[in-house]
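Peer 1: Here you go, sequence then predicted model.
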Amino acid sequence: MRFSEIADTFEKMSATTKRLELTQHLVELFQKTPPEIISKIVYLIQGKLRPDFEGIELGLAEKLAIHALSKSSGIPIKKINSTYAEDGDLGGAAAKIMEQKTQTTFLAQDITAERVYETLYKIAKLEGQRSQDMKMKYVSSLLNDATPQEAKFILKIAMGTLRLGIADNTVMDALAISYTGSKENRQRLEAAYNVSSDLGAVAETISRNGLKGLDEFHVKVFSPIRPMLAERVKSEAEAIEKLGGEFAAEYKLDGERVQIHYKDNRMVLYSRRLENITSYYPDILENLPKVLKTTDVILEAEAVAINQDSGEFLPFQELMHRRRKYDIDRIVEKYPITVNLFDVLYLNGKDLLNEPYKIRRKKLEEITSENEYAKIVTQVIVHAENEIEDFLENGINAGCEGLMLKSLDAPYRAGARGNNWLKLKREYRNELGDSLDLVVIGAFFGKGRRTGKYGTLLLASYNQDRDAFESICKVGTGFTDENLDQFYQILQDKVTLKKNPRIESGMEPDVWFEPELVIEIVASEITLSPVHTTAKDSIRTGSGLALRFPKFTGKIRMEKAPEDASTDQEVIALYKNQKKVTQNVSDA
Ligand code: AMP
């Protein structure tokens, strides 16, 4: 397949922000793509080379890309730098540079998509001293044969800055339409994706064998499962209304979710975002097998930092110390953890996803002999508000964030947020000032002490139905100097030239970001707003909802994907609840 077909599609996609049009462009591309290469095309669309859990990272350094461009075009680096400065995007600049190239290539070959993929794969795999030279050689070999438009997208992909502004759901819609003729079948694709976390493999199967091919997707050790997520509730009464009768209440620990795959003495750990995080937790590999009575299992647990002396739980933030490549043994000793198991998804060759939770929990208890390091999460069975209230009180005293409330009869719904798992946090109960997890979508430059940094951030909630990020407030308080530096470090790599099509906002910040970073915010009130777009038209036509006096709590939620941020529906619920509370107060 010619790479120009892909470059053309990407070009068309960058010219629109409408989800339907984006889907249609993908459908046209997929219809031209042979099954041998569809998986690779899907990874490239997702901005990767392989599924996340394989940890193969794109990310050619800008300097190398500029050197390669200069080598292939014969145009001096200085000129490239000035075109880049004017254009603001190296891909765009590369297209212009290649138009003026002085070097001619004899016998230039058509570039195939296969060749681009294989070359990028080799680049991503290169390590060691001579790797820089080799990377440059590989990139310029592609650029030598590339048209200006191809050069643009080769560099954007290689540098990890493609950013087509589409979510996995849109890719699945397009695959369903292309291979089954109907978007309705997206759910079947989603089910296969949920147990494999590999959209390329799903695409290849459906393109070769149609819908029935998807039946071959099963839970497998070392293929991470997309995690089940919890809906938030505001009160014990709401939980009872949703779960009814008898259900499980568990401590909600404030740590990192870890999906543990173990078979034949090999153990691999995946994060909530399904990245391989095994290297951060050598202590889990060492200690967990000692408490397990099986060697063939997939478990879920919360790894929680603890105080070395007292053994008390410490907040999630402490685990960030473990996010490093070197010296991990010393860090493991300095920042100890406990592992708190809460689910078993597969055991001794058997998929347990469809078993009711009470059975899964029973099996978890059967296969674990707890010790100081690894425990099963504390659970009680509850029926009444006061029982939940008491248990919540105990949980908070033990250093938990709140409670998880779970239906005893529900299966494990991979990749889904629903009413079978509910989260109840302490602060949701009485106060108006709730905490929300919001996505950073833009920033305004700072003044005074904050010059050269992002002084104020523009934040958004997530709209699941429309797969969009809708602005909800600007926040400039609660930042320490260290936070300001941290934000600048993290966010400067996420700056985009134009607003990502999934962002909706009536505001124009100084810079737009790729919607990726999630931070925790408290606020005094939720009000109607003419500019912000969260829950627009839901409460009053023409108005959205906004946070009043928002403040950063100090928590950067690295473990959360943007789609895990607080939703417009949650904001609406909080708004209505707050009205009720105020009415009750004024009625009294
Ligand atoms: P949230 O991140 O606020 O949506 O809450 C869900 C998260 O709580 C999960 O992803 C887990 O990391 C964490 N968690 C803590 N304790 C439990 C538990 N007992 N059961 C399930 N998840 C838990």
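Peer 2: Ah, there it is. Please read all numbers here as calculations on a predicted model, not as lab measurements.
Peer 1: so the closest residue to the ligand within the chain is in which element?
Peer 2: Nearest to the ligand in the chain, going by C-beta to the nearest ligand atom, is R257, at a distance of 3.2 Å. Heads up, the C-betas are built off the backbone N, CA and C, glycines and all. Using DSSP states H and E, R257 maps to strand 256-263.
Peer 1: Do any residues in the helix or strand that that strand is followed by lie close to the ligand?
Peer 2: Using DSSP H and E, the next helix or strand after strand 256-263 towards the C-terminus is strand 266-270. No. Applying C-beta under 6 Å from any ligand atom, one finds strand 266-270 separated from the ligand by no less than 12.3 Å.
Peer 1: tell me which residues of strand 266-270 are tucked away?
Peer 2: By neighbour count on 16 or more other C-beta atoms under 10 Å, the buried set for strand 266-270 is 267-270.
Peer 1: quick one: which of those residues is nearest S182?
Peer 2: Comparing the buried residues of strand 266-270 against S182 with C-beta to C-beta places Y270 closest, at 32.3 Å.
Peer 1: Give me the pLDDT for the closest one.
Peer 2: We note a pLDDT of 97 for Y270 in this prediction.
Peer 1: dump the residue contacts of it.
Peer 2: Contacts for Y270 (C-beta atoms under 8 Å, 6 or more residues apart in numbering) come out as 53, 224, 258-259, 261, 276-277.
Peer 1: Restricted to buried residues, select the residues you listed in ChimeraX.
Peer 2: Per 16+ other C-beta under 10 Å, the buried members of the contacts of Y270 correspond to this ChimeraX selection:
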select :53,224,258,259,261,276,277
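Peer 1: that older thread, residue contacts, the residue of the chain closest to the ligand?
Peer 2: Listed by C-beta under 8 Å, 6+ apart, the contact partners of R257 are 227, 271-272, 300-302, 559.
Peer 1: sorry, back to before: the strand holding R257 relative to strand 266-270, how many degrees between them?
Peer 2: Between strand 256-263 and strand 266-270, the angle comes out at 150 degrees (axes from the mean of the first three to the mean of the last three C-alpha atoms, to 10 degrees).
Peer 1: Quick one: mean pLDDT over strand 256-263.
Peer 2: pLDDT averaged over strand 256-263 gives 97.
Peer 1: and if you look at stretch 405-424?
Peer 2: For stretch 405-424, mean pLDDT rounds to 94.
Peer 1: quick one: buried residues of it?
Peer 2: Buried-residue list, stretch 405-424, by 16+ other C-beta under 10 Å: 405-408, 410-415, 417, 420-424.
Peer 1: anything in it near the ligand?
Peer 2: Yes. Against the ligand, stretch 405-424 shows contacts by C-beta under 6 Å from any ligand atom at K423.
Peer 1: where does the stretch 101-250 of the chain come near the ligand, residue by residue?
Peer 2: 230, 250.
Peer 1: Could I get the full set of strands for the stretch 101-250 of the chain?
Peer 2: Per DSSP state E, counting those that start in this stretch, the stretch 101-250 of the chain carries strands over the ranges 229-233, 247-252.
Peer 1: neighbours around K350, how many?
Peer 2: K350 sits with 10 neighbouring residues when counted by other C-beta atoms under 10 Å.
Peer 1: typo on my end, K135
Peer 2: 22.
Peer 1: Identify the residues contacting the residue nearest to it when sequence neighbours are not counted.
Peer 2: Nearest non-adjacent residue to K135, counting by C-beta to C-beta, 6 or more residues apart in numbering: I123, 5.1 Å away. Residues near I123 by C-beta under 8 Å, 6+ apart: 60, 135, 138-139, 158.
Peer 1: how close does I123 get to L164?
Peer 2: Going from I123 to L164 by C-beta to C-beta, to the nearest Å gives 20 Å.
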